[in-house]
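> Kindly generate the corresponding structure for this input.
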Amino acid sequence: MLRRCFVRKVNVICLALLILLLAATAALSGEFWGSIKSDVYHYPDCRYAKKIDPRYLLKFASPEQARDKGYRPCKVCRPPYESDGAEDGRSSRGSSS
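Residues are numbered from 1 along each chain as shown. Prediction:
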């Protein structure tokens, strides 16, 4: 019984780590998500991106591609405005400038 409980905990931990790894990989791949029902693009791990119905999901390779289609950056996850990262909202979080 104790062994079975331990195995379940290990399985849950492994699953959580796999999900985190997949989310980090998607965020680092330079992929951005939008919906045909809105005009906002997000990081794939944004809480709002996760709510996009797969039928309406659009994927962009760069912020410029999203902006060319009329999308603006999400105000929650703050994806970059440009590919070079100069406008990347994540890098400035918590800074005192």
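> Return the distance of stretch 77-84 from the chain's centre.
12 Å (CA atoms, centre = their mean, to the nearest Å).
> Can you list the low-confidence ranges for the protein?
1-2, 19-29, 84-97 (pLDDT under 70).
> Now for the closest residue in space to residue 48 that isn't next to it in sequence: which residues touch it?
In this structure, residue 48 finds its nearest non-sequential neighbour in residue 42, 5.8 Å apart by CB to CB, 6 or more residues apart in numbering. C-betas here are computed from N, CA, C, even on glycine. By CB atoms under 8 Å, 6 or more residues apart in numbering, residue 42 lies in contact with 32-34, 48-49, 74, 76-77, 79.
> rerun that using 7 Å as the cut-off
Shown in contact with residue 42 (CB atoms under 7 Å, 6 or more residues apart in numbering): 32-33, 48-49, 74, 77, 79.
> Let's verify residue 58: helix, strand, or coil?
Classification of residue 58 using DSSP: H, G, I helix; E, B strand; the rest coil returns strand.
> so which helix or strand takes in the spatially closest residue to it that is not a sequence neighbour?
Counting by CB to CB, 6+ apart, the nearest residue to residue 58 once its immediate chain neighbours are dropped is residue 34, at 4.5 Å. Assigned by DSSP states H and E, residue 34 belongs to strand 32-35.
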